[in-house]
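Engineer: predicted structure and sequence below. I'll ask about it afterward.
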There are 2 protein chains.
Amino acid sequence: GERAARHSFLTPSPFLRIGQLSNVDLNEDIHELETEVPRQRPNEIPHNEKLLSLKYESLDYDNSENQLFLEEERRINHAAFRTVEIKRWVICAMIGILTGLVACFIDIVVENLAGLKYRVVKDNIDKFTAKGGLSFSLLLWATLNASVVMVGSLIVAFIEPVAAGSGIPQIKCYLNGVKIPHVVRLKTLVIKVCGVILSVVGGLAVGKEGPMIHSGSVIAAGISQGRSTSLKRDFKIFEYFRRDTEKRDFVSAGAAAGVSAAFGAPVGGVLFSLEEGASFWNQFLTWRIFFASMISTFTLNSVLSVYHGNAWDLSSPGLINFGRFDSEVGTGIPHVGLWWGVGNRGILGALFNALNYWLTMFRIRYIHRPCLQVVEAMLVAAVTATVGFVMIYCSRDCQPIQGSSVAYPLQLFCADGEYNSMATAFFNTPEKSVVNLFHDPPGSYNPMTLGMFTLMYFFLACWTYGLTVSAGVFIPSLLIGAAWGRLFGISLSYLTKGSIWADPGKYALMGAAAQLGGIVRMTLSLTVIMMEATGNVTYGFPIMLVLMTAKIVGDYFVEGLYDMHIQLQSVPFLHWEAPVTSHSLTAREVMSTPVTCLRRIERVGTVVDILSDTSSNHNGFPVVESNPDTTQVAGLRGLILRSQLIVLLKHKVFVERANLNLVQRRLKLKDFRDAYPRFPPIQSIHVSQDERECMIDLSEFMNPSPYTVPQEASLPRVFKLFRALGLRHLVVVDNRNEVVGMVTRKDLARYRLGKEGLEELSLAQT
Amino acid sequence: GERAARHSFLTPSPFLRIGQLSNVDLNEDIHELETEVPRQRPNEIPHNEKLLSLKYESLDYDNSENQLFLEEERRINHAAFRTVEIKRWVICAMIGILTGLVACFIDIVVENLAGLKYRVVKDNIDKFTAKGGLSFSLLLWATLNASVVMVGSLIVAFIEPVAAGSGIPQIKCYLNGVKIPHVVRLKTLVIKVCGVILSVVGGLAVGKEGPMIHSGSVIAAGISQGRSTSLKRDFKIFEYFRRDTEKRDFVSAGAAAGVSAAFGAPVGGVLFSLEEGASFWNQFLTWRIFFASMISTFTLNSVLSVYHGNAWDLSSPGLINFGRFDSEVGTGIPHVGLWWGVGNRGILGALFNALNYWLTMFRIRYIHRPCLQVVEAMLVAAVTATVGFVMIYCSRDCQPIQGSSVAYPLQLFCADGEYNSMATAFFNTPEKSVVNLFHDPPGSYNPMTLGMFTLMYFFLACWTYGLTVSAGVFIPSLLIGAAWGRLFGISLSYLTKGSIWADPGKYALMGAAAQLGGIVRMTLSLTVIMMEATGNVTYGFPIMLVLMTAKIVGDYFVEGLYDMHIQLQSVPFLHWEAPVTSHSLTAREVMSTPVTCLRRIERVGTVVDILSDTSSNHNGFPVVESNPDTTQVAGLRGLILRSQLIVLLKHKVFVERANLNLVQRRLKLKDFRDAYPRFPPIQSIHVSQDERECMIDLSEFMNPSPYTVPQEASLPRVFKLFRALGLRHLVVVDNRNEVVGMVTRKDLARYRLGKEGLEELSLAQT
């Protein structure tokens, strides 16, 4: 963590002044502005949502402009900068191509494996339907699913737990500036890709789209660094990009390329990256991100078209394509009311989140052992298959097979030439079910079938999200929404008997938007993604109305799913703005103090001791005027990072005290880049007793112009500076430029707007 | 200007050190890193592109968080902030509705007036074709055009010159933080709307789309302030939004709503605002901007549908609709090459800009009197009519009238039942010509006709842009591009005889994109605008390829049209990033020094004298420790603006020297808001001799936490801070927090990346 003890707890803060005692410790509960008796929680509960974890470190999106860096930049001329720029474009093209290829790989493997599974089960069902004993078919189906999911869950739980879920919350955190360990490693990518294939083939209520965003990000991080630490290969290229700022930009491009490949939505991808990540919009960066997105969807489209044998028609821009909506959407005034009504159903999204919240709390408390996680995943897989089977078995909704596009028509107890309609929804990959709900002609589904399906799938999807498998929530949300949307459309056409309400597919689309919007609460980007996936610009306005209503309704009850999970992980996530009512706080109250400072010419032993002190695990140290003889506080001269000090100690960059006028060993920026991003711990560096007495001159390595704020600056002002520039450390100085405190991410993230006003989260080491 | 004399000229800067003499003055030429003999320019030329004007002031996008402000914010509780948030949404809805209505008004009036004109001329031509004497028709046409344009030009030249052109460069500057006088006033809106109607009706080669962006911005600025200074009406609402930061956000929404109404492109509108203006992306802000855009296109669509009598079909989302492109766009590998080829024609855009550049230089030098400007506009109008007439007269390209959708079919010398094909292009509003070129069936145009039309229209449009009329360049660019694109398509189909190349309309679309992209050089936003106007998402990829190629090719030769005009106006415009090679400069070399500081408790006479000093027309003053007895430089305590001092003096907020412990008069934030944005000049405030001896306490009015940088900070670092936070003043301090200099917009904008490396623009009062 950036720092350990919060001394500011001991000073009277406005929270404490108002009717609260000051016997607070690190595990204290929240302080609210209104007087409230602190709730006592039993000690054995390790988590609650009003904690902020100290275990997450920050990324540094502000370049440390020290002498080495400036010297390098000054050596580079105009033409060389153009080369760097061209390299950026090349990397973005590679990110797009590779992301597209990974998406193709997932799609093709899933299609084949799932096809195989459904054919085996279908043959089995067809066999046993005639001669009885369908329970064997159920057993076969459930066992197949459970075993496939077991493998998928095993690799995630035991090899790389960070590959669980869609990875979208993790990428949001990364782009926000929080270092989530292992999140952009090659190993994570491999596990993610295998995991998502196994989850989808295993018949869970999940999609393969969300994980593409994570996959794209890992690809981007890997390519842009020109090396893989996991494989111990360094291609000695792109060394200029080995720092957090550049890497973040490429990861944005990767995330966009992932969205683009998943939904065939390049503009949506760019907006997703910007909405979730970018704090500073830069025209060139955006344009590059767009380029990567375009290349990604184009690659996917080309490869899949060739694979499907119609090389030039390019009809698969994304992993899921909503198909073509040609009918007029209808945006007259009565429709507007209707879309608003559909959007209100976004409350179902809030319900989904609320249920998932309690489930996640349960999981955090009781299912934290990997074995249990695998068992739960298998259980969910078996239950999903069983529910599907029972629903299909009980359904008496038969539809003529002629003219329908159903992939695996289960006849079961239907007449010859007919198929079981419930099976199109359950006995299919969720992507195909969504498209069927959008485009099947009116009358393909019985309202009873749809109702039962919605209900069951809702609970299954809710139970599934948060399992230790790689899987996304986009498609199940769309599916739930499409089902009740279609149901809504059918009801309307019953009620009004009017022809303009005739097409239930449109309602399925709007329902899907409302459900997804109610769950994830994305705004502009989701509108554009849906619009692009639909391929029809005129659907933009109703989709926007629906999403906006769904978000407003949903926000009234509970947060978005991703934000909720980020909060449950106690991640110090910085939102767009400081809480509106936080003007009453100033930097003085927010900062951590006292700050461990270093002198410009410092004793090596002191540096080692400070770095080794596990109780104050600081990562940034203000450098003050070198005055070894007095203990007087002195003016700020710069800021140096733990990682820089580690590299200096490793390369023995110091001189004996007696020879202070000797020149210490010169380091190059390359030495720092080679160590990036996995700097060794201080314990691994041996410093002898003699060396401890040497002196180290930090002048050319420290950042001589760190950003500072005076103590009187309000929290929103500090927040704005911190967020806009992607800072990791912000030094608080007094009127004489002397260091009085330090503001880090956690100091800002802990203030939150709760229902009652400003809340302060407590910090914990968990 | 923020300051007058540049003392840094006199200190050795790295530019001067390297092979240059230091006898520089304000009119010096650029300094380049390489040694170069300074080119001598004759003194009578007032303008050159390497000047930066001191007459433009900056907007302040950083809140002055003084005690008054903080007290107000602390008084506002959570619920009140929700009210403010709701007000923001209401304002955005109003912006959308009004922008849509203004667009409707323009469209309907233009349609009727232009229809009237074309019918009159057509009847005349039809009459004289039979009996000879067509020169009367020419005279009629030319006179009609010239007189209409004369009125349009007169109101612009004599009433509100800032309404000239499309207004896009001005809005870019406003969003960038440069105060362009009168740019968001009600009077400007009225002149703009009337002007654009008259220009289009006057038959100039202009469009009515660009000005919508300016109109939307003015509407936004007006509504968000809840008053009109021009009309002297204050509705006493939305007072909270009376500051630059909030106003800027609403102007972004207005610009987006304008784009949205112009092209039916709500997402494109949002991206335009972000690409041109926003320096800090905020999710809620973006979502509100999108809302305004959606409302705007929806309003336009509803009203125009009702007007056209088909109330519920909503088929006019924008002022120009490209019509429905249903054919497959073809994105196979050979097509990619082809689109790349089309994009290369973006070089024609560069040619357009280069010609317009010389023309503008000529205009700046010789046509700066309003009368001359009106005469030139009339001349262009007459020439446009004449060229059109001659082209139509000479054309022998007749097409059957049956099945064609031409609005005013001129028979002229064609057989009965046929019409003159050249007339569809010239004898029509440019919007309709564009759509005709996109959608007329193959064979509607003779290649010769298209070639001649392209050539003529290219020069006419180039001559027209920059006239003193309200008019946009989007539509003429699209028209030129569509014409040569169609020509290109026809040639291809001649050459290959292949059926996949058959549809020339697609090539017209791509040509239009290439031409427009080559001229304006917008990137992501233009792609999305074109995509939305086309209504077909699959056209996104080819459009992007074309635009990207056009931009790269164009940038190689000359800047984009808007940037060029901004530069010719010597506006201190801040681009996205500091020049890449500017790491060699530090704040010390960039800043202005010495700085006029005020003491915390200052003599009124001193304040008045400083404000009245016309030679150093500063707008921001660092406030230093109050120590009236010594002249010693003292630590920075805050920053106060000229406008704040003016309000203080106006309200006589000071006490007699003898009664320093008396409390001075309290002001409220409302007093400052009421004066915003037109603060009176210091000359209008009378301060008596006795009052001059009073003391003024600045403590509660100054911003106590201005952003500062140390002298060692590099230019890119300073630039990033300045740009990301939208600053107006940035104080440079030394190690003891003492003020050593001040960085303002002009100090940053004057460094530019030229062909040879870093260039430094000179400053001038013009």
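Structural biologist: Noted; the coordinates are in hand.
Engineer: tell me where the stretch 51-200 of chain A has helices.
Structural biologist: A:67-75, A:78-131, A:134-154, A:168-176, A:186-201 (DSSP state H, counting those that start in this stretch).
Engineer: and the first one, average pLDDT?
Structural biologist: Per-residue pLDDT over helix A:67-75 has a mean of 85.
Engineer: how about that helix: buried residues?
Structural biologist: A:68-70, A:73 (16 or more other Cβ atoms under 10 Å in any protein chain shown). Placement of C-beta: from N, CA and C, glycine included.
Engineer: as a markdown table, the helices of the stretch 51-200 of chain A with distance to chain B would be great.
Structural biologist: Shown next, in a markdown table, are these (distance: least, Cβ to the nearest Cβ, whole Å):
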| stretch | distance to chain B |
| --- | --- |
| helix A:67-75 | 4 |
| helix A:78-131 | 4 |
| helix A:134-154 | 34 |
| helix A:168-176 | 12 |
| helix A:186-201 | 26 |
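Engineer: so which of those helices gets nearest residue B:599?
Structural biologist: helix A:67-75 (36.0 Å; Cβ to Cβ).
Engineer: what's near enough to touch residue A:582?
Structural biologist: Each residue near residue A:582 by Cβ atoms under 8 Å, 6 or more residues apart in numbering or on different chains is listed here: A:714-716, A:719, A:751, A:758.
Engineer: want to throw those into CSV with distance to residue A:364?
Structural biologist: Below are the contacts of residue A:582 laid out as CSV (distance: Cβ to Cβ, whole Å):
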residue, distance to residue A:364
A:714, 35
A:715, 30
A:716, 32
A:719, 29
A:751, 24
A:758, 26
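Engineer: among these, which are within reach of chain B?
Structural biologist: With Cβ under 8 Å from any Cβ of the partner chain as the criterion, the contacts of residue A:582 include residue A:714 near chain B.
Engineer: lowest-confidence entry in the contacts of residue A:582?
Structural biologist: Where pLDDT dips furthest among the contacts of residue A:582: residue A:758, at 82.
Engineer: got the residues of the stretch 501-650 of chain A near chain B?
Structural biologist: A:523-524, A:527-528, A:531-532, A:534-538, A:540-541, A:544-545, A:548, A:576-577, A:580-581, A:583-584, A:587, A:625, A:635-637.
Engineer: rerun at 6 Å
Structural biologist: Residues of the stretch 501-650 of chain A lying close to chain B by Cβ under 6 Å from any Cβ of the partner chain are A:523-524, A:528, A:532, A:535, A:537, A:541, A:544, A:576, A:580-581, A:583-584, A:635.
Engineer: mind checking which of the residues you listed are in helices?
Structural biologist: Of the positions in these, A:524, A:528, A:532, A:541, A:544 sit in helices, assigned by DSSP state H.
Engineer: what's near enough to touch the closest residue in space to the second one that isn't next to it in sequence?
Structural biologist: The shortest distance from residue A:528 to any residue other than its chain neighbours is 4.2 Å, reached at residue A:268 (Cβ to Cβ, 6 or more residues apart in numbering or on different chains). Residues in contact with residue A:268, defined by Cβ atoms under 6 Å, 6 or more residues apart in numbering or on different chains, are A:259, A:525, A:528-529, A:532.
Engineer: most neighbours among these, which one is it?
Structural biologist: Highest neighbour count within the contacts of residue A:268, by other Cβ atoms under 10 Å in any protein chain shown: residue A:259, with 34 neighbours.
Engineer: how much space separates that residue from residue A:438?
Structural biologist: To residue A:438, residue A:259 is 20 Å away according to Cβ to Cβ, to the nearest Å.
Engineer: so, low pLDDT: which residues of chain A?
Structural biologist: A:1-49, A:278-281, A:311-314, A:326-334, A:403-405, A:497-502, A:626-634, A:660-664, A:766 (pLDDT under 70).
Engineer: in the helix or strand harbouring residue A:492, what counts as buried?
Structural biologist: Using DSSP states H and E, residue A:492 sits in helix A:474-496. Buried residues in helix A:474-496, counted by 16+ other Cβ under 10 Å: A:474-490, A:492-493.
Engineer: do stretch A:509-526 as well
Structural biologist: Buried, per 16+ other Cβ under 10 Å, within stretch A:509-526: A:509-526.
Engineer: over to stretch A:581-593?
Structural biologist: A:581-592.
Engineer: so how far is chain B from the closest residue to residue A:604 other than its chain neighbours?
Structural biologist: Leaving aside its chain neighbours, residue A:604 sits nearest to residue A:694 (4.7 Å; criterion: Cβ to Cβ, 6+ apart). If you measure residue A:694 against chain B using Cβ to the nearest Cβ, to the nearest Å, the figure is 26 Å.
Engineer: tell me, how many residues neighbour residue A:694?
Structural biologist: Residue A:694, neighbours per other Cβ under 10 Å, totals 21.
Engineer: OK, contacts around it?
Structural biologist: With Cβ under 6 Å, 6+ apart, residue A:694 has these contacts: A:604, A:654, A:656.
Engineer: give me the buried entries from those.
Structural biologist: A:604, A:654.
Engineer: now the contacts of residue A:694 in CSV, with secondary structure?
Structural biologist: Output for the contacts of residue A:694, formatted as CSV (DSSP: H, G, I helix; E, B strand; the rest coil):
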residue, secondary structure
A:604, helix
A:654, coil
A:656, coil
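Engineer: check contacts around residue A:239.
Structural biologist: By Cβ under 6 Å, 6+ apart, the neighbours of residue A:239 are residue A:673.
Engineer: measure it to chain B for me?
Structural biologist: 18 Å.
Engineer: also residue A:765?
Structural biologist: For residue A:765 relative to chain B (Cβ to the nearest Cβ), the value is 31 Å.
Engineer: and that residue, how many residues sit next to it?
Structural biologist: Residue A:765: 11 neighbours (other Cβ under 10 Å).
Engineer: ok, residue A:365 next?
Structural biologist: 12.
Engineer: assign it to helix, strand or coil.
Structural biologist: Applying three-state DSSP: residue A:365 is helix.
Engineer: try the one 10 residues further on
Structural biologist: Under three-state DSSP, the three-state class of residue A:375 is helix.
Engineer: test my guess that residue A:433 contacts residue A:425.
Structural biologist: Yes - between residue A:433 and residue A:425 there is a contact at 5.0 Å, judged by Cβ atoms under 6 Å.
Engineer: more neighbours: which of the two?
Structural biologist: Ranked by neighbour count (other Cβ under 10 Å), residue A:433 and residue A:425 place residue A:425 first, with 29 against 24.
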